[in-house]
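Student: after the sequence you'll find the predicted model.
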Amino acid sequence: MFSALAKVTSGIDKTNDLKKILDGLAKKQVYVGIPEGSDRPEAQGEPITNAQLLYAHTHGIRQKEMRDEMNPKVESGEMTYSKAYQMWIQSHGSPLWKSPPRPVLEPAIEHNKDMIAKQLRKVSEVALDGGDPEPELNKAGLLGQNAARGWFTDPANGWPPNSPITEERKGSDKPLIDTGELRKAITYVVKG
């Protein structure tokens with residue numbers, strides 16, 4: 001006859017230790033993307049950074065005429081036109097410039113969330129067993145980084161194909177892949 005009972009020993013209160021471990025984990029963050037400022041300072045006439053390029057391809061591009069139309073209102077103080085607002089507007093793509101959004105980070109992480117969540121569970125297990133969670137956090141970051149880099153060629157990305165004009169100009173039918181520098185720039189950092 002088998003019993004499903006287990007012996008529980010009481011008398012040792014580890015509540016504070018457990019709270020301390022969980023509080024420490026709550027302060028840790030894993031970021032996947034392209035850290036802004038890692039390429040070069042922004043200057044008039046300079047090419048955009050990989051971080052800005054990935055953002056533009058994720059959210060779409062606004063045509064110069066659209067930006068110019070808004071600038072007088074910004075300069076007069078009639079409206080605020082920060083880079084954050086400009087990027088938010090780009091999230092809708094640009095039908096005038098025929099540049100569709102091709103998001104990378106969020107859908108790649110979403111598509112691979114089960115694998116990443118499994119690794120994040122390992123982080124918790126290691127921490128609760130008294131180990132150092134940092135190596136497991138780095139593994140989670142690497143999974144996210146690789147998922148994002150792989151998204152460029154994953155058919156699940158659902159990206160529209162390049163236009164014939166773009167294919168002719170760059171000599172490829174692969175969206176967002178020219179030199180590979182944008183894809184290689186995607187990395188991860190662990191903070192906290």
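Tutor: Cool, got the structure.
Student: mind checking which helix or strand of the protein has the lowest mean pLDDT?
Tutor: When each helix and strand of the chain is scored by mean pLDDT, DSSP states H and E, helix 83-90 comes last, with a mean of 38.
Student: that one: what's the following helix or strand?
Tutor: Moving toward the C-terminus from helix 83-90, the next helix or strand (DSSP states H and E) is helix 105-111.
Student: hmm, who's touching that next one?
Tutor: 32-33, 54, 58, 116, 144, 147-148, 150-151, 154, 156-157, 186 (CB atoms under 8 Å, 6 or more residues apart in numbering). Every C-beta, even on glycine, is put in place using the N, C-alpha and C of the backbone.
Student: for V190, helix, strand, or coil?
Tutor: Taking DSSP: H, G, I helix; E, B strand; the rest coil as the rule, one finds V190 in the strand state.
Student: check what pLDDT it gets.
Tutor: pLDDT for V190: 93.
Student: need the contact list for it.
Tutor: K28, Q29, V30, Y31, E134, L137, N138, G141.
Student: again, 6 Å this time
Tutor: V30, L137, G141 (CB atoms under 6 Å, 6 or more residues apart in numbering).
Student: also E136?
Tutor: Taking CB under 6 Å, 6+ apart as the test, what E136 contacts is K122, V123, V126.
Student: next, the buried residues of the helix or strand that contains it.
Tutor: Assigned by DSSP H and E, E136 belongs to helix 134-151. By neighbour count with 16 or more other CB atoms under 10 Å, helix 134-151 contains the buried residues 136-141, 143-149, 151.
Student: try stretch 17-34
Tutor: Neighbour-count burial for stretch 17-34 [16+ other CB under 10 Å]: I21, L25, V30, V32, G33, I34.
Student: distance check, G180 against D154.
Tutor: The gap separating G180 from D154 is 15 Å, by CB to CB, to the nearest Å.
Student: looking at the two, which has the bigger crowd around it?
Tutor: Per other CB atoms under 10 Å, whichever of G180 and D154 has more neighbours is D154, with 15 against 11.
Student: tell me the pLDDT at that one?
Tutor: Looking at D154, the pLDDT reads 95.
Student: next: A148.
Tutor: So A148 comes in at 92 (pLDDT).
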